[in-house]
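Q: Let me see the structure of the following:
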Amino acid sequence: MLESNRVVRLVLGLGLAVTLFAAGCGSSGNKSQGAAENGSTNAGGDQTTDTTARGSAAGNSGEEIEVGNTEALVWGKGDYGVVMAHGAIYDAASWKSQARQIAQNGMVALAVEDTSADNLIAAAKYLKEERSVQGVALMGASAGASGVLQAAEEKPGVPDQLILISGSGDVSGLGSYPKLFVASEGEGLAGEVREMADEATGNRNKALILPGDAHAQAIFETNQGDNLMQAILERLQQYR
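A: Next comes the predicted model:
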């Protein structure tokens with residue numbers, strides 16, 4: 001009889017131990033899952049939320065907004081703005097590196113997804129009304145340069161200056177504000193870019209012809225990328 005009671009107590013004790021062990025594992029697992037979803041756990045076991053890291057990443061990628069009929073990304077703060085229109089095989093995010101450098105120099109950079117003239121005009125209006133900038137430069141690459149030229153023709157008062165990278169078109173009817181025309185020597189546009197700089201109204205126009213044969217935004221990926229970016233920043237600061 002005593003032996004039977006000992007067996008019963010042993011079985012009950014083992015069952016209780018298994019139950020407590022399972023409950024402990026379940027509690028630990030839930031805490032770890034919560035920490036993974038909501039933040040991290042520090043050395044003392046307290047849960048923290050890594051909002052600083054997420055905020056930094058969002059700043060690097062640009063703030064997502066809507067202007068006109070398109071989505072756009074915005075970087076930086078300042079009293080001068082730059083609206084950027086990408087080439088046909090690129091998107092708004094492709095300007096990230098250049099936009100961050102513009103922002104680091106105390107200006108607001110805005111890259112539109114749809115580079116139509118209407119959206120570029122809407123982007124410039126947004127910067128003036130919502131970001132309190134005093135002036136706006138329009139910068140376009142390849143197909144994006146066409147949108148920039150059309151926007152400048154339709155709304156002459158919108159830009160303070162133009163920067164066209166591997167762009168082509170009639171510039172004779174544009175305003176006398178500064179214009180920078182860029183191309184690579186071997187991409188086939190160098191001659192036309194020089195002519196555009198000569199034909200454009202005003203005396204603050206410049207043709208920048210870089211070595212190599214890269215086209216438009218691809219220039220930034222070559223050993224001429226830093227030279228191009230430096231020239232852009234100098235123009236923006238000079239005529240802002």
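Q: Please enumerate the strands of the chain.
A: Applying DSSP state E to the chain gives strands spanning 40-41, 47-48, 63-67, 70-75, 80-85, 108-112, 135-141, 161-165, 179-184, 205-210.
Q: Below-threshold pLDDT in the chain: ranges please.
A: 1-59 (pLDDT under 70).
Q: That one: helices as residue ranges?
A: For the chain, the helices defined by DSSP state H cover 2-38, 51-61, 96-104, 117-130, 143-154, 190-199, 225-239.
Q: which stretch among the strands of the chain comes nearest residue 155?
A: Of all those, strand 135-141 sits nearest to residue 155, with 10.0 Å by Cβ to Cβ. From N, CA and C alone the C-beta is placed, and that goes for glycine too.
Q: got the contact list for the closest one?
A: 79-87, 90, 115, 120, 124, 127-128, 146-149, 151-152, 158-167, 216-217, 232, 236, 239-240 (Cβ atoms under 8 Å, 6 or more residues apart in numbering).
Q: orientation of that strand relative to strand 161-165 in degrees?
A: Between the axis of strand 135-141 and that of strand 161-165 there is an angle of 10 degrees, by axes from the mean of the first three to the mean of the last three Cα atoms, to 10 degrees.
Q: residue nearest the centroid of this protein?
A: Closest residue to the average C-alpha location of the chain: residue 96 at 3.6 Å, with Cα atoms, centre = their mean.
Q: so that residue makes contact with residue 60?
A: Yes - if you go by Cβ atoms under 8 Å, residue 96 and residue 60 touch, sitting 7.4 Å apart.
Q: Next one: the closest residue to residue 61 other than its chain neighbours from residue 86, what distance?
A: Closest residue to residue 61 apart from its sequence neighbours, by Cβ to Cβ, 6 or more residues apart in numbering: residue 96 at 6.8 Å. According to Cβ to Cβ, to the nearest Å, residue 96 and residue 86 sit 11 Å apart.
Q: do the same with residue 113
A: The gap separating residue 113 from residue 86 is 8 Å, by Cβ to Cβ.
Q: give the contact list for residue 84.
A: Taking Cβ under 8 Å, 6+ apart as the test, what residue 84 contacts is 92, 95, 98, 99, 109, 110, 111, 112, 139, 140, 144.
Q: Could I get the contacting residues of the residue nearest to the first one when sequence neighbours are not counted?
A: This points to residue 92. Closest residue to residue 92 apart from its sequence neighbours, by Cβ to Cβ, 6+ apart: residue 111 at 4.0 Å. Going by Cβ under 8 Å, 6+ apart, residue 111 touches 62, 72, 73, 83, 84, 85, 86, 92, 93, 94, 95, 99.
Q: Restrict the residues you listed to the buried ones and give me that as a ChimeraX selection.
A: In ChimeraX, this line selects whichever of those come out buried by 16 or more other Cβ atoms under 10 Å:
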select :62,72,73,83,84,85,86,92,94,95,99
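Q: nearest to residue 221, of the contacts of residue 111?
A: Comparing the contacts of residue 111 against residue 221 with Cβ to Cβ places residue 94 closest, at 10.4 Å.
Q: residues in contact with the closest one?
A: Counting by Cβ under 8 Å, 6+ apart, residue 94 makes contact with 86, 111, 217.
Q: likewise residue 176?
A: 201, 202, 203, 204.
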